[in-house]
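1. Mind looking at a prediction? Sequence and model below.
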Amino acid sequence: MSAPGSKPPGFMQVVGAVFWSFLGVRKRSAHEADAVRLNPVHVIVAGTIGAALFVLVILFVVHLVISSATH
């Protein structure tokens, strides 16, 4: 749903929007602009991938802490 003649946002723009939304530091104007121009399916996919990566990083850190505490 972008303006006529403008190209749709790229993958990195979607990832960037999702990343900043995860951190909670988005400006209202940027959020509103993204709501108009980003494809909701792309945002859902990027958010799901981001959440999965976040969980994997947390599990990895916990594994490192536990393994270093037992040695």
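-> Perfect, I can see it now.
2. Please list all residues in contact with M12.
-> With contacts defined as C-beta atoms under 8 Å, 6 or more residues apart in numbering, M12 has no neighbours. Every residue, glycine included, has its C-beta placed from N, CA and C.
3. Now do it, the pLDDT please.
-> You'll see M12 listed with a pLDDT of 90.
4. F22 now?
-> 88.
5. For it, which non-adjacent residue is spatially closest?
-> G50 (6.1 Å; C-beta to C-beta, 6 or more residues apart in numbering).
6. What helices and strands are in contact with the helix or strand of the chain with the lowest mean pLDDT?
-> Using mean pLDDT, DSSP states H and E, helix 28-37 stands out as the lowest-scoring helix or strand of the chain, at a mean of 87. Using 3 or more C-beta pairs under 8 Å, 6 or more residues apart in numbering; DSSP states H and E, the elements in contact with helix 28-37 are helix 11-23.
7. burial measure for A17, as a count.
-> The local packing of A17 (other C-beta atoms under 10 Å) involves 23 other residues.
8. Tell me who's in contact with it.
-> A17 neighbours (C-beta under 8 Å, 6+ apart): P9, R26, A30, D34, L38, V43, A46.
9. in the chain, which segments are predicted with low confidence?
-> 1-5 (pLDDT under 70).
10. How about the contacts made by the most centrally placed residue in the chain?
-> Nearest residue to the geometric centre of the chain (C-alpha atoms, centre = their mean): V18, 2.9 Å. Neighbouring residues of V18 by C-beta under 8 Å, 6+ apart: V43, A46, G47, G50.
11. From these, which land in helices?
-> Counted as lying in helices by DSSP state H, out of these, are V43, A46, G47, G50.
12. from those, which would you call buried?
-> Buried members of the ones in helices among the contacts of V18, counted by 16 or more other C-beta atoms under 10 Å: V43, A46, G47.
13. With that, I have no additional questions.
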